[in-house]
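Chemist: okay, here's the prediction I keep looking at, along with the sequence it came from:
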Amino acid sequence: MYNLLILVAVSFISAIATFFVNERLKQGPVRSSAMLSLIVAVYYHYYTGSMDSYLVKNIPLVFIGASFIGMVSSRLLSNYLLIGTAGIIFCLIFLHTSKFFNGYGGALGTSACISVLAVLSIPIVNKNKKLTNGLIQLRKILFKIGRR
């Protein structure tokens, strides 16, 4: 149970931190994800402390996967709480399906995509104080991009 809470917290922090570096510090989605993931991966690669080996192995994986969530465009999802919620959903998907994706490439990105889509399906109050569905907003953005 203790390990689960740590991994959920890491996932929550990773998604928000990557989005913050992406949007506020203007580093771009790929650079922000790569920079933060590299710091965590290098730290845990050389970490030889008394932490549980399960956590030492899985914290970098969860951090990297949740950082993919932080790469989302602010036009699509700009609420930090929703991005953190997507991080939590990612962690739960990762922990319960990691054996299913064993041997397949792209499991972290696929799980991150599923978690962002799950959060987008939550009703959202938009800037005009109207309750909308996140998927409707996604459709509007996609069709607006297609018309250009």
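Modeler: That came through fine.
Chemist: all helices of this structure, in order?
Modeler: Counting by DSSP state H, the chain has helices at residues 2-23, 29-46, 53-69, 80-97, 107-120, 134-147.
Chemist: in CSV, list those along with mean neighbour count and mean pLDDT.
Modeler: For the C-beta atoms, the positions are set from N, CA and C on the backbone; glycine is no exception. Below are the helices of the chain laid out as CSV (neighbours: other Cβ atoms under 10 Å; pLDDT from 0 to 100):
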stretch, mean neighbour count, mean pLDDT
helix 2-23, 20, 94
helix 29-46, 15, 93
helix 53-69, 21, 91
helix 80-97, 20, 91
helix 107-120, 20, 88
helix 134-147, 12, 68
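Chemist: now I93, nearest residue through space, not along the chain?
Modeler: S111 (4.6 Å; Cβ to Cβ, 6 or more residues apart in numbering).
Chemist: can I assume the one you found is in contact with H96?
Modeler: No. Counting by Cβ atoms under 8 Å, H96 is not a contact partner of S111; they are 9.9 Å apart.
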